[in-house]
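Undergrad: Predicted model and sequence below, questions to follow.
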Amino acid sequence: MEAVNIIALSMGAAWASGINLYATIFMLGYMGLTGNFVLPEELQILSDPLVMTAAGFMYCVEFFADKVPGVDSGWDSLHTFIRIPAGAMLAASAVGDVTPAVELSAALLGGTLAAGSHATKAGSRLLINTSPEPLTNWGASITEDLLVIGGLWTALNHPVLFLIALAVFVVLMIWLLPRLWRLIKALFRRVGSWLGLCEPPPPPESPPVQTDPAQVENRPDKCL
């Protein structure tokens, strides 16, 4: 495999893992099993029927959990401890049989990318859940699944195009995450004030009034 193909596969697997880990594992395994793509030796275990069955079953569970308001955010919170390490592991395995330094670098970059895509998804879903209707959850979930499938297909078949799109995504993610964080903090403060768990900030104190000593001296109510 050429270097650009390896980089696209490594970073693509990490990025997709942060959004939907089980769809990522199942699709990579399916592509390898059907001969549509030759996986590196370290990733060929994904084509094992037992691994694909487990990934397919968990994808079905996530398919429904990801579309229920509130449940999807709880699912994302739990998978903070699953998607990020798995993304780092897949990124390191995708580079193949190389030096430990290259594997560690791929794991660090892959884990960071998986954490970024996961945080973007989880933060967006938390804000979407403020809407009372469930259609936005369904739309977001289906869009994420299609994004993972389309992104991985592009990474495997058009690696240069995928890396360009990934660079754009990273720039947008860096711009979006601080804004999502501020909106989420404001949302939690509002919910806390509704539940009486936090008090609104006190009004700013007015600056002391500067009084002319001569006026105080001539005031009729001046204390003796």
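TA: Yep, that arrived.

Undergrad: I'd like to know how many residues surround Ala122.
TA: Ala122: 21 surrounding residues under other C-beta atoms under 10 Å. Where you see a C-beta, it was placed from the backbone N, CA and C, and this is true even at glycine.

Undergrad: which other helices and strands contact the helix or strand containing Phe81?
TA: Using DSSP states H and E, Phe81 sits within helix 71-94. Secondary-structure packing of helix 71-94 (3 or more C-beta pairs under 8 Å, 6 or more residues apart in numbering; DSSP states H and E): helix 3-19, helix 21-33, helix 49-65, helix 100-128.

Undergrad: just how off-centre is the last one within its chain?
TA: The chain centroid and the centroid of helix 100-128 are separated by 7 Å, computed with C-alpha atoms, centre = their mean, to the nearest Å.

Undergrad: Return the set of buried residues in it.
TA: 103, 106-107, 109-126, 128 (16 or more other C-beta atoms under 10 Å).

Undergrad: Not counting the helix or strand following that helix itself, show me its contacts.
TA: Scanning forward in sequence from helix 100-128 by DSSP H and E, the next helix or strand is helix 135-157. Applying C-beta atoms under 8 Å, 6 or more residues apart in numbering, the external contacts of helix 135-157 come out as 8-9, 11-13, 15-16, 19-20, 23-24, 27-28, 31, 36-37, 63, 66-69, 72, 121, 124-125, 128-129, 161-162, 165.

Undergrad: So which bits of the helix or strand harbouring Phe162 are buried?
TA: Element membership for Phe162, per DSSP H and E: helix 159-195. The neighbour-count check on helix 159-195 (16+ other C-beta under 10 Å) flags Pro159, Phe162, Leu163, Ala165, Leu166, Phe169, Val170, Met173, Leu176, Leu180 as buried.

Undergrad: So which elements touch it?
TA: helix 3-19, helix 100-128, helix 135-157.

Undergrad: and stretch 57-77, C-alpha only, in PDB?
TA: Output in PDB follows, covering the C-alpha atoms of stretch 57-77 (Å, rounded to 0.1, in the frame of the first residue of the first chain):
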ATOM      1  CA  PHE A  57     -25.300  -6.800  16.800                       C
ATOM      2  CA  MET A  58     -23.900  -3.700  18.600                       C
ATOM      3  CA  TYR A  59     -24.600  -1.600  15.600                       C
ATOM      4  CA  CYS A  60     -28.300  -2.700  15.700                       C
ATOM      5  CA  VAL A  61     -28.400  -1.800  19.400                       C
ATOM      6  CA  GLU A  62     -26.900   1.600  18.700                       C
ATOM      7  CA  PHE A  63     -29.200   2.200  15.700                       C
ATOM      8  CA  PHE A  64     -32.200   2.400  18.100                       C
ATOM      9  CA  ALA A  65     -30.500   3.800  21.200                       C
ATOM     10  CA  ASP A  66     -29.000   6.700  19.000                       C
ATOM     11  CA  LYS A  67     -32.500   7.800  18.000                       C
ATOM     12  CA  VAL A  68     -34.100   8.200  21.400                       C
ATOM     13  CA  PRO A  69     -33.700  11.700  22.900                       C
ATOM     14  CA  GLY A  70     -31.800  11.500  26.100                       C
ATOM     15  CA  VAL A  71     -30.800   7.900  25.600                       C
ATOM     16  CA  ASP A  72     -28.400   8.900  22.800                       C
ATOM     17  CA  SER A  73     -26.600  11.300  25.000                       C
ATOM     18  CA  GLY A  74     -26.200   8.700  27.700                       C
ATOM     19  CA  TRP A  75     -25.000   6.200  25.100                       C
ATOM     20  CA  ASP A  76     -22.400   8.800  23.900                       C
ATOM     21  CA  SER A  77     -21.300   9.400  27.500                       C
END
